[in-house]
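In: Show me the folded form of this:
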Amino acid sequence: MDFEDVSLTALRVFRAVAEHGTFTAAAASLGYTQSAVSRQVAAIERAAGTQLLQRRREGVRLTAAGRTVLRHATVVLDEIEATARELSGLPLAAGTVRLGWIPSAGAVLLPRALTELGRTDPGLRVVSREGTTPVLVRALRAGSLDLVLLGSAPPFRSPDTETPPLVVETLTERSLRLAVPASHPLARGDFVDVADLRGQRWIAGPSSGEDRLMGVWPGLDERPEIAHTARDWLAKLHLVAAGLGLTTVSAALAPAAPEGVRILPVRGGPQEQRRLLLAGLARRPTPSVDRVAAALRAAALAVT
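Out: Below you'll find the model as predicted:
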C-alpha cells in the first residue's frame, strides 16, 4: 500500500496513539479494541515504509518520521473536520481555541481569564479540557490542543524532549503550601515548621512520574503514612476539612479552599517552588490563540 492510500481512520488512530501515549489509552478514547488500534498503526507504518513509533515499557514515542506523519495528519484531519462542519451548516472553527489545563489552574486563573474573554471578545470560542502535564503535552504535540497550562517543579526541566522544542513561558512561580484542618494543632500559627510534619497522616494523589506522591510534602526524612488517596484536588481538600489528614496544594488554590481548611506556608526546609507554564507549538499562533494567551497572562498577574 502506498502512503497515498492511507485511510482517515488510520490517521485518526495514529494521532490518538501519539496524543494518549499508549495503545490502550488510545483504544479507550476511540472506543476500539487494542488489537484494532495495533492493526491500524501497523498498516500506516507499512505504508510509510519505516517505524513511526518507538514502543517502550512506559508507552510510545514518535520517531522523526512519526513526527512528520503526525504534522501532516493533523492538517488533513482538521481540514476534514472543517469540511464536515461547513457541509452541515455549522460555523467554522476558525475562531475556536483549544486549551488544556492542569487542575490547579482550573480553580481560579482559568475562570477569571475566560470570563474576561467573554466580556471583551464574545465572538471567540474557547473549548478546554483538564489533564496532567504529560497528557497535555502529548495532546499539544498531536495537534489536539492549541495552548496548554502546565505545572513544573524543580529542577524546572523542559516539559518534554521532543523537537522542535515547545514555546514555553512562566506565568507564575509561587511556593507550595500545606492544607491543614482548621481544628488541627498545626493550624494555630501563621506557618508550619517542616520538622512538625513528621508522623502526620497524608492525603495524596496517585504517583505520576516526576510529581512523585502528589499531596505529600517533598523531602520528608520518613516514609509517609498515606491515609487516603484521591486524584481530585477538591476531594482532597474536603478530606482535609473533615480532619482526615494533610495535603499539599498550589498557592493558587487558596481562594478556593472550603471552610474548615487553612492554607499555610512551610518553613525550615528548602523552598518548594512551583511554576505555572503557558506552552504552545513553535509556529506562528493565530490571532485567536494570541488573544487567549494574553487573557491568561493578565489573569495570572491578577491572581499573583
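
In: And the nearest residue to residue 184 once chain neighbours are set aside, what's its pLDDT?
Out: Spatial nearest neighbour of residue 184, chain neighbours left out: residue 243 (7.0 Å); criterion: Cβ to Cβ, 6 or more residues apart in numbering. (Each C-beta comes from the backbone N, C-alpha and C, glycine too.) At residue 243, the model reports a pLDDT of 96.

In: Could you list every helix and strand in contact with the helix or strand where residue 68 lies?
Out: Using DSSP states H and E, the element containing residue 68 is helix 64-87. Packed against helix 64-87 by the contact rule (3 or more Cβ pairs under 8 Å, 6 or more residues apart in numbering; DSSP states H and E) you find helix 8-20, helix 34-48.

In: tally of neighbours for the residue nearest to residue 184?
Out: 13 (other Cβ atoms under 10 Å).

In: Check for me that it belongs to a helix.
Out: No. The assignment for residue 243 by DSSP: H, G, I helix; E, B strand; the rest coil gives coil, which leaves it out of any helix.

In: returning to that earlier point: ranking the helices and strands packed on helix 64-87 by burial, who's on top?
Out: Neighbour counts (mean count of other Cβ atoms under 10 Å) averaged over each of the helices and strands packed on helix 64-87 peak at helix 8-20, with a mean of 22.

In: Run the angle between it and helix 34-48 for me.
Out: 110 degrees (axes from the mean of the first three to the mean of the last three Cα atoms, to 10 degrees).

In: outside of the helix or strand just after helix 8-20, which residues touch it?
Out: Going down the chain from helix 8-20, the next helix or strand is helix 23-30, by DSSP H and E. The contact list for helix 23-30, computed with Cβ atoms under 8 Å, 6 or more residues apart in numbering, reads 12-13, 16-17, 19-20, 32-34, 36-38, 41, 60.

In: which one of those is nearest residue 156?
Out: The shortest approach to residue 156 among those belongs to residue 19, at 24.7 Å (Cβ to Cβ).

In: hang on, the earlier thing: what's the most distant pair in the contacts of helix 23-30?
Out: 19 and 33 (18.2 Å).

In: Tell me how far the residue nearest to residue 184 lies from residue 126.
Out: Counting by Cβ to Cβ, to the nearest Å, the gap from residue 243 to residue 126 is 38 Å.

In: need the strands for this structure, in chain order.
Out: With DSSP state E, the ranges of strands along the chain come out as 53-56, 59-62, 96-101, 125-130, 147-152, 167-175, 177-181, 192-193, 201-204, 225-229, 247-249, 261-264, 266-267, 273-280.
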